[in-house]
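Enquirer: Got a predicted model here, sequence first, then my questions.
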Amino acid sequence: MLEIKDLHKSFGNLEVIKGIDLEIDKGNIVVIIGPSGSGKSTVLRCMNLLEQPTSGDIVFEGQSIMENKKNIDKIRENIGMVFQNFNLFPNKSIIENITLAPMKVKGISKAEAEKKAEELLTRVGLIEKKDSFPNQLSGGQQQRIAIARALAMEPDMMLFDEPTSALDPEMVKEVLDVIKELADEGMTMAIVTHEMGFAKEVADRVIFVDGGKIVEDGSPDEVFNNPKSERAKDFFAKIL
Ligand code: ADP
Ligand code: MG
């Protein structure tokens, strides 16, 4: 579904991604872990061109997305993204947050967009919040809305950048449960997270990134229980 080839990204003369190759097959769940500043968010943001790669290629559903504007629109529509800080529109109601992009980008009617939004709100357990505003919701609730909003575009793939890092501990599970449900339904996903238990449970594959390079790539068992690099061993010793 998505193939990244020899990805490099620099900010000014600071090279933060130093040649990453990664293939994500349909239905696969790839968890990306690694120390702070190692380039995890940048890789994820390059996948849907929120950041423009400095060099390399990204192929989505058989087409390079680096070539023209049309492909950028396609990728933004087809790859949903969920951020650490939810990024909901503060002055729009919950239902407006969810219906805005499908109406604007996909041109579907308000009635249809609302019907779909209500289904998604029911699914994430927040239908009673449809007329509330983001600041009336807890962090966990806001993140579930952010997931519903991304799903409203009917993406082929989802990217999650530390979706639970900004949450109070008691809200982590409700968000991870929604992501697990998506996993069970076969959604293709790349997830940056420090939740190792969750990673072991849902990941088909775990990538450990350090210094802008992939230093471990394997099944959760291989990477967590038998890391090859000192860097990964050291990291797990500190966080597990
Ligand atoms: P991670 O998500 O693993 O913590 P990031 O991908 O956010 O790491 O950042 C990798 C490196 O790139 C860091 O050194 C960070 O300071 C730098 N960086 C990220 N975004 C920018 C930017 N927009 N401008 C300059 N430097 C950036
Ligand atoms: Mg990050």
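Expert: The structure has been received and is ready for your questions. Ligands and ions are numbered 1, 2, ... in the order given.
Enquirer: When you work out contacts or count neighbours from here on, use the C-alpha atoms and nothing else.
Expert: Noted.
Enquirer: near ligand 1, which residues of the protein?
Expert: Neighbours of ligand 1 within the chain, by CA under 6 Å from any ligand atom: 11, 16, 36-42.
Enquirer: What segments of this protein are strands?
Expert: 2-11, 14-24, 29-33, 55-60, 63-64, 79-82, 157-161, 188-192, 205-210, 213-218 (DSSP state E).
Enquirer: which of those is buried the deepest?
Expert: strand 29-33 (a mean of 26; mean count of other CA atoms under 10 Å).
Enquirer: That one pairs with which strands, parallel or anti?
Expert: Applying DSSP bridges, strand 29-33 is found paired with strand 188-192 (parallel), strand 205-210 (parallel).
Enquirer: Please convert these to TSV, extending it with mean pLDDT.
Expert: Listed next are the strands paired with strand 29-33 as TSV, based on pLDDT from 0 to 100:
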stretch	mean pLDDT
strand 188-192	98
strand 205-210	97
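Enquirer: Just among the residues of the chain next to ligand 1, which is most surrounded?
Expert: Neighbour counts for the residues of the chain next to ligand 1, by other CA atoms under 10 Å, peak at Lys40, which reaches 28 neighbours.
Enquirer: Am I right that that residue is in contact with Cys46?
Expert: No - the criterion here is CA atoms under 8 Å, and Lys40 misses it with Cys46 at 10.1 Å.
Enquirer: Tell me how far Met189 lies from Asp156.
Expert: From Met189 across to Asp156, the span is 9 Å (CA to CA, to the nearest Å).
Enquirer: So what sits opposite Glu15 in the bridge?
Expert: Counting by DSSP bridges, Glu15 is bridged to Ser10.
Enquirer: looking at it, it is touching Gly37, isn't it?
Expert: No - the criterion here is CA under 8 Å, and Glu15 misses it with Gly37 at 11.8 Å.
Enquirer: if we can go back for a sec, which of the strands of the chain comes out lowest on mean pLDDT?
Expert: The stretch with the lowest mean pLDDT among the strands of the chain is strand 63-64, which comes in at a mean of 86.
Enquirer: which helices and strands sit right next to that one?
Expert: Judged by 3 or more CA pairs under 8 Å, 6 or more residues apart in numbering; DSSP states H and E, strand 63-64 is in contact with no other helix or strand.
Enquirer: That one: how far from the chain's middle?
Expert: Averaging C-alpha positions (CA atoms, centre = their mean, to the nearest Å) puts strand 63-64 20 Å from its chain's average.
Enquirer: Could you list the residues in contact with it?
Expert: Under the criterion CA atoms under 8 Å, 6 or more residues apart in numbering, residues 57-58, 71 lie in contact with strand 63-64.
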